[in-house]
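Enquirer: Here is my input; please provide its structure:
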Amino acid sequence: MDLARQEAVTWRNRALLLFDRVAMPVAVCDVYGAVLLANPAMAAECGTTPGRLRGRDVLELFGPREATQVERIAQALRLRHRSRYQVSVRWRAPGGAERYGELTADPVSDTVEDTPALLVMLRVDAERAPSPATPVPRAPVTPMEARILALLAAGATTARAARETALTTDGVTYHLRRLSSRWGASNRTELVARAYALGVLTPGVWPPAVRGGAT
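Expert: Numbering: from 1, shown residues only. All right, here's what the predicted structure looks like:
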């Protein structure tokens, strides 16, 4: 491998590391809106992992509130316009609440002639609680969050939790920070204690297991 290629690989790896660490939900999509790459923050909004978002239509994950916005963007992309595009969207959070926000898409490519990819960022504006008819879990957590909590309860390190869940260590840390903020927990011991108290983990069993219906 020549020096130029080595440098390209090094910078690509650094960019991917930074991409994973960004707190804002971000994804790279093809020109048709199919997800090519998503960071943990974007996956968390959908209650899944980055790998499972690959190939999904971003406008199915986050429904446009105005169809005319999407039509204008599609027309602009067909004409190879390279403006920043914004779409007002709404979606269901993992806990069942309806959220509102805005997707911003920036066309990016190596040259003007290349078909662009879309760098998509999500801004969360507001959240509406589910209606009384919607079943709400006792402790709303995503399946991934519950899995990480069970691993922590068994004594797993961040590195081991990352291996077991196919996330990066930064991805695991991101989920733990979200849980800590949501539950007001000051450390991982308190997180595990709250997971048991809120019915996420099954008491009295080993190895720790996710309680049925908690996710």
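Enquirer: Nearest residue to the residue nearest in space to the middle of the chain in space, please, no chain neighbours.
Expert: Nearest residue to the geometric centre of the chain (CA atoms, centre = their mean): residue 43, 2.0 Å. In this structure, residue 43 finds its nearest non-sequential neighbour in residue 50, 4.6 Å apart by CB to CB, 6 or more residues apart in numbering. Yep, even glycine has a C-beta here, placed from its N, CA and C like the rest.
Enquirer: residues touching the one you found, list them.
Expert: Residue 50 makes contacts with 37-40, 42-43, 167, 171, as judged by CB atoms under 8 Å, 6 or more residues apart in numbering.
Enquirer: now these in JSON lines, with secondary structure?
Expert: Formatted as JSON lines, the contacts of residue 50 follow (DSSP: H, G, I helix; E, B strand; the rest coil):
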{"residue": "37", "secondary structure": "strand"}
{"residue": "38", "secondary structure": "strand"}
{"residue": "39", "secondary structure": "coil"}
{"residue": "40", "secondary structure": "helix"}
{"residue": "42", "secondary structure": "helix"}
{"residue": "43", "secondary structure": "helix"}
{"residue": "167", "secondary structure": "coil"}
{"residue": "171", "secondary structure": "helix"}
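Enquirer: Farthest pair within these?
Expert: By the measure CB to CB, 37 and 167 form the most distant pair in those, at 14.3 Å.
Enquirer: more neighbours, the two?
Expert: Between residue 37 and residue 167, counted using other CB atoms under 10 Å, residue 167 has the larger neighbour count: 24 against 17.
Enquirer: Listing request: residues of this structure with sub-threshold pLDDT.
Expert: By pLDDT under 70, the low-scoring segments of the chain are 1-19, 67-82, 109-115, 126-139, 213-215.
Enquirer: Apply 90 and report the result again.
Expert: Within the chain, the segments meeting pLDDT under 90 span 1-26, 28-34, 37, 39-53, 57-101, 103-120, 123-143, 177-215.
Enquirer: what's the domain layout of this structure?
Expert: Using automatic domain parsing, the domain ranges for the chain come out as 23-128, 137-215.
Enquirer: so how far is stretch 188-205 off the chain centroid?
Expert: In terms of CA atoms, centre = their mean, to the nearest Å, the centre of stretch 188-205 is set 24 Å apart from its chain centre.
Enquirer: Next: stretch 176-192.
Expert: On the basis of CA atoms, centre = their mean, stretch 176-192 sits 18 Å off its chain's mean C-alpha point.
Enquirer: swap in stretch 172-179?
Expert: Its chain's average C-alpha position is 11 Å from that of stretch 172-179, according to CA atoms, centre = their mean.
Enquirer: So which bits of that stretch are buried?
Expert: Residues 172-176, 178-179 are the ones in stretch 172-179 that count as buried (16 or more other CB atoms under 10 Å).
Enquirer: what does it rub up against?
Expert: With contact meaning CB under 8 Å, 6+ apart, stretch 172-179 is reached by 23, 40-41, 44, 141-142, 144-145, 148-149, 152, 158, 161-162, 165, 167, 185, 188, 191.
Enquirer: Okay then, goodbye and thanks.
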